[in-house]
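Chemist: Structure of the sequence below:
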Amino acid sequence: MNDQQLLRYGRHILLNEIGIEGQQRLLDARVLIIGLDQYLNLPTWQGWQELLQRVTLAVATREPFEPEPPEALRSHPHRMVHLPMAPQAVSSTEVRERLALGESPESLAPELIPVSVARYIANHQLYASGAPL
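Modeler: Model prediction:
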């Protein structure tokens with residue numbers, strides 16, 4: 001799986017890649033880096049219970065404290081490491097939400113994302129209407 005596929009299809013193909021053709025490639029690392037927002041939403045992912053058995057989650061947060069798992073994850077043993085990060089002005093959740101509301105990638109630059117990132121999103125139709133998030 002290349003970076004473009006992961007950006008475009010993300011969680012929808014990740015489990016298939018880990019479970020089938022990409023198993024050896026991806027399981028060698030065995031770490032999935034996600035943000036706190038996706039950690040909290042993990043129970044909405046297709047196949048999340050199996051994913052928890054196969055990888056260590058590295059949860060990046062802007063907070064200095066270790067994140068609390070949501071209720072649904074508490075009953076499913078899983079490996080999680082905390083990746084505290086310096087606060088950033090950009091929020092990927094806000095970018096996705098604003099694009100879902102119909103804003104163009106260019107309208108988010110330079111306030112929320114760099115112009116080069118806005119161009120990349122537009123050129124590759126990332127987060128386009130109907131595209132999986």
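
Chemist: can I see the domain layout of this structure?
Modeler: Annotated domains of the chain cover 1-87, 89-133 [automatic domain parsing].

Chemist: Considering the ones you listed, which stretch scores lowest in mean pLDDT?
Modeler: Among these, domain 1-87 carries the lowest mean pLDDT, a mean of 77.

Chemist: Does Ala58 touch Gly35 like I think?
Modeler: No: using C-beta atoms under 8 Å, Ala58 is not in contact with Gly35, being 10.2 Å away. Bear in mind the C-beta positions are built from the backbone N, C-alpha and C, glycine included.

Chemist: Need the overlap of contacts for those two.
Modeler: Common neighbours of Ala58 and Gly35 are not found (criterion: C-beta atoms under 8 Å, 6 or more residues apart in numbering).

Chemist: Double-check that Ala72 belongs to a strand.
Modeler: No: with DSSP: H, G, I helix; E, B strand; the rest coil as the criterion, Ala72 is located in helix rather than a strand.

Chemist: what about the spatially most central residue of the chain, which SS state?
Modeler: Centrality entry for the chain: nearest residue to the mean C-alpha point is Ile34, 4.9 Å, by C-alpha atoms, centre = their mean. For Ile34, the assignment made with three-state DSSP gives strand.

Chemist: Quick check: the gap between it and Gly47.
Modeler: Counting by C-beta to C-beta, to the nearest Å, the separation of Ile34 from Gly47 is 15 Å.
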